[in-house]
Structures are given as C-alpha cells and as structure tokens.
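Undergrad: let's see this in three dimensions:
(chains A and B)
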Protein chains: 2
Amino acid sequence: MMIDVKKKILIVGLGLIGGSYAEALKRYGFRVTAITRSQRSIDYALERGMIDAGASFVDPELVSEADIVVFALYPHIFIEWLEQNQHLLKSGALLTDVTGVKGSVVYKVQELLRPDCEFIGAHPMAGREVYGVENATSRIFNGANYIVTPTAKNTPEAIEVCRELGLLLGFANICELSPEEHDEMIGFVSQLTHCIAVSLMTCNDAEHIEQFTGDSFRDLTRIAKINDLMWSELFMSNKKALLDQMDLFSAQFSRLRNMIADGDVDGMREMMRYSSERRAKFDKH
Amino acid sequence: MMIDVKKKILIVGLGLIGGSYAEALKRYGFRVTAITRSQRSIDYALERGMIDAGASFVDPELVSEADIVVFALYPHIFIEWLEQNQHLLKSGALLTDVTGVKGSVVYKVQELLRPDCEFIGAHPMAGREVYGVENATSRIFNGANYIVTPTAKNTPEAIEVCRELGLLLGFANICELSPEEHDEMIGFVSQLTHCIAVSLMTCNDAEHIEQFTGDSFRDLTRIAKINDLMWSELFMSNKKALLDQMDLFSAQFSRLRNMIADGDVDGMREMMRYSSERRAKFDKH
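TA: Below you'll find the model as predicted:
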C-alpha cells in the first residue's frame, strides 16, 4: 500500500457519494474531514463518526492540512472552488474527484491547478436514487466499477494512489481509461439510456394507455424519474460524446423502423438474433 | 355466471399460454381438451390432469363437441387453421383467441367465419421468458390485464362470456378496447419498448464498452433477448400502429437531441421534470 494511514483526507461536498467515501475511509484509521455547504450534513456526519472534523465554509486549516482532497461536487462548482481556493492547498497535495464526466473536467483542472499539486480524475460508478449524506453507505461501492482517468500529466505514483483509494473504498473492479474513452463509454451505457427513458416516458401522453403498462415498460422507464439539475449538467458536460451515441442509436432505430415499414422480416430477425446473442452474455456474469 | 361448467372447452395450441388456460379452467370442472402439433405436449398435459383428452392432429370429434374454442396460435397459423377446419365446428360455438395483435386478426376472422359461430377477440397480457406447456401455470395471470376486443359484429352474450373467461382464469383487470385502441396501446407499451431494447443492444458493438454496463443498461435491454420468429410476426401484424408509436418516440428523442446540441438546458430540465412526474405515478400503484 502506498497510502499511509497517517494521511489526512479532506472531502469537499458531503452528499451521497462524498459521505460514502467518508464512511469507508474512516474505518481504516485515516483522519477524514469534510467541507460542505450545509452545517446539518456536517453535524450528521460528526455524530455518526463518519468524519473527524468538518466545516460549512472553506476552512483554511482543513484545506491546508489535507494530503488527499476528494471533490464530490457538480463539475462547474468543482472548477469554481479550485479557482477561488487552490492557494490554500498544501504543497504536494493529491486531488481527485468523483465526477461522472471527464474530458470537460480533467484537462481544465490540470491546466488551472498549481504546479506543486496533482489532480487525477476518477469515476466511482455507483449511486442510488436518493441523495444526501443521510443516505450515504459504502455498500453502494461493492460490486461496482471504479475508473481512473489519467492523462500524460499524471505521475505513476498518483495513479497508483488513486487505484488504491478505489480498493480501499471496496470497489470490485478498478480500471483505467483515458478521459475520452471514459466519456464515450459513459455516453453509451449511462447517458444514452437516460435519454431513451426520458423520451419514452414523455412521447405519448394518452392517459388510457398508461393503465396497461407492464414489466417491459416499467423496466425501460425506471430511470425516467431523474434529477433534472444534475443530469442536464452531465449531458452538457459530455455533449459531443453523448450526441455521437444518440446518433448511433437513432441510426439503428431507424434501420429497424425501415425494415418494419418494408416488411423485411429476414433483416428484422437477423437483428433480433444478434440482439439476443449480445444480451445473453450479460446473464452469464 | 353465464358459463355453465358443463361446457366443453377446446384449446388449440398447447404452449405456455394455452397450457396455462387449460390448467386454470380444468380446476372449475369444465371438460377441457386440446389440439396441438406435439404429442409430447398432449402426453405431458394428460399426465398432469391439465386436460381430459387431446390430439396431435385435428381430431373431428374434439372440434365438433366443443362449445368454446380458444386459439393460442401465431396469428397466421390461427387464420389458416380456421380456413381449413371451420366446417368441423359445432353450430353455435364461441371462438376466442390470445393473440397479441388485434386489428389484423379480429376482422379477418369474423369475415371468414361461418355465420352460425361467433368469434370474440381477447388478449391475456401475460407471459414469461420461457416457452411450452412444461412452463405453463395459471399463476402468470394473477395481477395481469385481460383485454376483450369486441366489434360491432359481437353479441352482448359473447362479450359477457369472454369477460367471465378472464375472471375464471384469474386476471386482476378485465377491460374492453376496440381492436384499434388495443393495437395502439400494445404498439406503445410492448412493441415500441422491444424495438428500443433491440436497437440499443445492437447500435454500438465496441466490446470494451460492454464491461461497464450497469443497472440502467441492463434494465433497458432485459427484453433485448427476444424470440425473433414471434416478434417479427407481431411487428408485421401491427405495422401501422407500431410505426406510429416509433415515430412518436423518434420525434421526442430528436427533440431532446436538439436541446442538448443547442445547449437548451431549460428545455431539457422541463422535459426531465415532466418525465419524473409521469414516472412517479407508477410507484404509487
């Protein structure tokens, strides 16, 4: 292990993910602190022993003592925070984040950051349909993917520390992708699926139809109940990759539509067999 | 009750749904018989007491004694069967079906059927991802919708008998829709969702992306493992209604795409809030 338990870890943004990081890391004996807007969140975490100290303002002492700083903020708030407060960071501090988009964040942060600190992006692919530190639990990391997104600016040591952090948090798979590969992947498996669910849920508002929705429709629209503030920002922060994935889907959906219109049963059946084959692989895992 | 337990019920096509009908109806004391292609299916049902008699060919005695005949066949086989064998039917027999599309079946059958018999369409909205009489169980009807699709040609008595059949089978909701309303509804809640799942599953075949699929992607593609023979026929039998629903979805998906491309965050958030509101209603049921 490269991470010494004497290291001090500061979490900026104590919500569902930040709180779950705190809970997981505290158990190893690290000094874990938090800065977040709501004093109630700090109080909640202190009472439950999830953090050793915390503040609802940018406390210079908490920032300057931290060896590792985890940012669990919306992308644009993360960047603003750094612009305003990076002068407080300890020299040599390692910064990481939990942001769900990477290309639009990682390079900007590495560009603006002081040269005596290092930022390495990470995406813990875990979540719940509820929010806030009150719902935090490190159990959400079990079985999930943790993706480190290094660039040419990162040192091997920082990459290793970031990977170890994923292990300590309890993730099942730790892997590395470039920010671009990450954004393509997340555009497909997560953002595109949310776009589809929202479109399906809102494309036909006939009330009499809704009474008949069965399992298929419910499955496809579970994620149509969506945090509009967070997801619109995630979509905008990954615009290019998401539009590419939406266009791939649209092209395939149009192909199927044309086969139905043209009565091309063979083409349809071939697409369905390919679909079944690809989907069947999932059941084996 | 209008259905006398002395009535003789013949099921043509003893698969998952036909077998589940047999199992449910036999318990009330009806004489239940079956005609299906596979002798093994007949033997299986006889051994388990699901039917009183059966044949793997069109047995004139079984057909001519039946008061109620339930067709659990693919649409085109159902129509062929009637063309070839309707001369064997008892005068006054009531025919019904389980077909998942209605407009392309109901009128054609009513048109070709002998005037001394009556056909009333029904759609038991139940199923499993497995097939055959070996998987039949009337438990699949519990909590499900049973839709009767009468036309101007149907008598009130036949409609009532058909509704009662749904009750006896154990369906939670019995309702009536015109064949056109039925097809619009099924085009939306069932066929469109399958088209989306198949398109999503086949639109991006990058292997490295698949490793990262999480709950959202799995939910949206569960039904992408699909019986290509049955679904291509269902799609073709409901072509117009399905294309209408696909076009509604495409238009909404394009709207969302353009909002993302144009950076219209307000429009996006409005669509997401509407989506959340509509989806939240499902959780109350």
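
Undergrad: spit out the contact partners of the spatially most central residue of chain A.
TA: To find the centre residue of chain A, average its C-alpha atoms and take the closest one (CA atoms, centre = their mean): that gives residue A:100, at 3.3 Å. Residues in contact with residue A:100 (CB atoms under 8 Å, 6 or more residues apart in numbering or on different chains) are A:123, A:186, A:190, A:234. (C-beta placed from N, C-alpha, C; glycine too.)

Undergrad: next one: residue A:109
TA: If you count contacts by CB under 8 Å, 6+ apart, residue A:109 has them with A:78, A:79, A:82, A:95, A:97, A:119, A:121.

Undergrad: please, which helix or strand holds it?
TA: The secondary structure element spanning residue A:109 is helix A:103-112 (assigned by DSSP states H and E).

Undergrad: give the next helix or strand downstream of the strand or helix carrying residue A:245.
TA: Using DSSP H and E, the secondary-structure element containing residue A:245 is helix A:239-262. Of the helices and strands lying after helix A:239-262 in sequence (DSSP H and E), the nearest is helix A:265-283.

Undergrad: state the mean pLDDT of that next one.
TA: Taken as a whole, helix A:265-283 has a mean pLDDT of 93.

Undergrad: kindly report the same for stretch A:22-33.
TA: In this model, stretch A:22-33 has a mean pLDDT of 96.

Undergrad: tell me the buried residues in it?
TA: Residues of stretch A:22-33 classed as buried by neighbour count (16 or more other CB atoms under 10 Å in any protein chain shown): A:22, A:23, A:24, A:25, A:26, A:30, A:31, A:32, A:33.

Undergrad: distance of the second one from residue A:109?
TA: Read that as residue A:23. Note on residue A:23: its distance to residue A:109, by CB to CB, to the nearest Å, is 25 Å.

Undergrad: do the same with the fifth one
TA: As defined by CB to CB, residue A:26 lies at a distance of 26 Å from residue A:109.

Undergrad: OK, contacts around residue A:273?
TA: With CB under 8 Å, 6+ apart, residue A:273 has these contacts: residue B:228.

Undergrad: mind checking the longest strand of chain A?
TA: Taking DSSP state E as the assignment, the strand of chain A that covers the most residues is strand A:118-125.

Undergrad: strands paired with that strand, and their directions?
TA: Under the criterion DSSP bridges, strand A:118-125 sits next to strand A:94-97 (parallel), strand A:145-149 (antiparallel) in its sheet.

Undergrad: is it possible to export those strands to TSV including mean pLDDT and mean neighbour count?
TA: Written out in TSV, the entries for the strands paired with strand A:118-125 read as follows (pLDDT from 0 to 100; neighbours: other CB atoms under 10 Å in any protein chain shown):
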stretch	mean pLDDT	mean neighbour count
strand A:94-97	98	24
strand A:145-149	96	23
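
Undergrad: ok, which of those comes nearest residue B:50?
TA: Set against residue B:50 and scored by CB to CB, these come closest in strand A:145-149, at 47.0 Å.

Undergrad: avg pLDDT for the following helix or strand past that closest one?
TA: Secondary structure here is assigned by DSSP H and E; on that basis, the next helix or strand after strand A:145-149 toward the C-terminus is helix A:156-169. Helix A:156-169 shows a mean pLDDT of 97.

Undergrad: list the buried ones in whatever helix or strand comes next after helix A:156-169?
TA: Helices and strands here follow DSSP H and E; after helix A:156-169, the next one along the chain is strand A:173-176. Along strand A:173-176, these residues count as buried under the neighbour rule (16+ other CB under 10 Å): A:174, A:175.

Undergrad: paired strands for strand A:173-176, with orientation please.
TA: Using DSSP bridges, the strands paired with strand A:173-176 in its sheet are strand A:145-149 (parallel).

Undergrad: next, the angle from the partner strand to helix A:156-169.
TA: With axes from the mean of the first three to the mean of the last three CA atoms, to 10 degrees as the criterion, the two stretches strand A:145-149 and helix A:156-169 enclose an angle of 170 degrees.

Undergrad: off-centre distance for strand A:145-149?
TA: Taking the mean C-alpha point of strand A:145-149 and that of its whole chain, the gap between them comes to 9 Å (CA atoms, centre = their mean, to the nearest Å).

Undergrad: output the helix holding residue A:109 as CSV, nothing but the C-alphas.
TA: In CSV, the C-alpha atoms belonging to helix A:103-112 read as follows (Å, rounded to 0.1, in the frame of the first residue of the first chain):
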residue,chain,number,x,y,z
GLY,A,103,-13.0,15.2,-20.8
SER,A,104,-14.5,18.6,-19.9
VAL,A,105,-13.2,18.5,-16.3
VAL,A,106,-9.8,16.7,-16.2
TYR,A,107,-7.9,18.9,-18.6
LYS,A,108,-9.3,22.1,-17.3
VAL,A,109,-8.5,21.2,-13.7
GLN,A,110,-4.9,20.1,-14.6
GLU,A,111,-4.5,23.3,-16.6
LEU,A,112,-5.5,25.7,-13.8
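
Undergrad: report the angle between it and strand A:145-149.
TA: 50 degrees.

Undergrad: for chain B, tell me whether the helix holding residue A:245 is touching it.
TA: Yes. Applying CB under 8 Å from any CB of the partner chain, one finds helix A:239-262 in contact with chain B at A:239, A:242-243, A:245-257, A:260-261.

Undergrad: what's the burial count for the residue nearest to residue A:172 when sequence neighbours are not counted?
TA: If you skip the residues right next to it in sequence, residue A:172 has residue A:143 as its closest partner in space, 4.7 Å away by CB to CB, 6 or more residues apart in numbering or on different chains. Neighbour count for residue A:143, taken as other CB atoms under 10 Å in any protein chain shown: 11.
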